[in-house]
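In: I would like to see how this sequence folds:
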Amino acid sequence: MDSDAARLLAAGIAAGLGMLGPGIGIGILGAGALNAIGRNPEARGPILTNMILAIAFAEALGIYALIVAIILALVA
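Out: Numbers count the residues shown, from 1 in each chain. Prediction:
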């Protein structure tokens with residue numbers, strides 16, 4: 001395996017594994033928020049606000065993984 005193939009393989013693994021965690025986390029957050037709203041519909045506003053904030057933090061981790069993967073793929 002030459003260095004270009006190893007670099008692209010590392011970029012793919014970094015992107016795939018780096019976005020797996022945020023994807024699972026966002027799914028768990030959504031399920032928890034829907035469960036909480038189902039139990040207490042009056043608290044819908046604060047629950048959705050906190051859920052959106054937590055999803056934004058989880059998405060940031062995925063974006064960091066994407067940036068690392070792009071750097072691995074493009075920098076020689």
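In: mind listing what the closest residue to residue 50 other than its chain neighbours touches?
Out: Nearest non-adjacent residue to residue 50, counting by Cβ to Cβ, 6 or more residues apart in numbering: residue 33, 8.0 Å away. Glycine gets a C-beta too; all of them are placed from N, C-alpha and C. With contacts defined as Cβ atoms under 8 Å, 6 or more residues apart in numbering, residue 33 is in contact with 47, 48, 50, 51.
In: select only the buried ones of these in PyMOL?
Out: A single PyMOL command selects the buried members of the contacts of residue 33 (16 or more other Cβ atoms under 10 Å):
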select buried, resi 47+51
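In: including secondary structure, pLDDT and distance to residue 7, could the contacts of residue 33 go into CSV?
Out: What follows is those, written out as CSV (DSSP: H, G, I helix; E, B strand; the rest coil; pLDDT from 0 to 100; distance: Cβ to Cβ, whole Å):
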residue, secondary structure, pLDDT, distance to residue 7
47, helix, 95, 43
48, helix, 95, 42
50, helix, 95, 40
51, helix, 96, 37
